[in-house]
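Chemist: Sequence and predicted structure, then a few things I'm wondering about:
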Amino acid sequence: MKETLGARVRERRLKLGMSVQELAKKAEVSASYIYAIESGVRGSHIEKLTRIAHSLETTVTELWPSDY
């Protein structure tokens, strides 16, 4: 599940042409946090995931793996 979430975050970020640093700043989290999510090392707390989704102009539902 973490890998799918990370892949979706990365895909959306790249689609918007954002760097990890830009997303981190906009979502008010560290760049290392974004790297950890995208690499599947960690999941995300719902509050932070909501900020990330908002920063990516999408919803948590779009990022969340449907097989969970």
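Modeler: Nice, I can see it. Residues are numbered from 1 along each chain as shown.

Chemist: which residue is nearest the centroid of the protein?
Modeler: The residue lying closest to the centre of the chain (CA atoms, centre = their mean) is Val9, at 3.7 Å.

Chemist: Tell me which residues of the strand or helix carrying Glu3 come out buried.
Modeler: Assigned by DSSP states H and E, Glu3 belongs to helix 2-15. Using 16 or more other CB atoms under 10 Å as the test for burial, helix 2-15 gives 2, 5-10, 12-13. Heads up, the C-betas are built off the backbone N, CA and C, glycines and all.

Chemist: and what of stretch 58-68?
Modeler: 58, 63-64.

Chemist: now the residues you listed in a markdown table, with secondary structure, distance to Ser39 and pLDDT?
Modeler: Shown next, in a markdown table, are the buried residues of stretch 58-68 (DSSP: H, G, I helix; E, B strand; the rest coil; distance: CB to CB, whole Å; pLDDT from 0 to 100):
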| residue | secondary structure | distance to Ser39 | pLDDT |
| --- | --- | --- | --- |
| Thr58 | coil | 20 | 93 |
| Leu63 | helix | 15 | 84 |
| Trp64 | coil | 18 | 78 |
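
Chemist: Nearest to Ala31, out of those residues: which one, please.
Modeler: Set against Ala31, the nearest of the buried residues of stretch 58-68 by CB to CB is Leu63 (18.0 Å).

Chemist: pretty sure the closest one is in contact with Gly6, am I right?
Modeler: No. Assessed by CB atoms under 8 Å, Leu63 is found out of contact with Gly6, at 9.4 Å.

Chemist: Can you classify Gly40 by secondary structure?
Modeler: Using DSSP: H, G, I helix; E, B strand; the rest coil, the structure places Gly40 in coil.

Chemist: Not counting sequence-adjacent ones, nearest residue to it?
Modeler: Glu3 (3.9 Å; CB to CB, 6 or more residues apart in numbering).

Chemist: how far away is that neighbour from Arg42?
Modeler: 11 Å (CB to CB, to the nearest Å).
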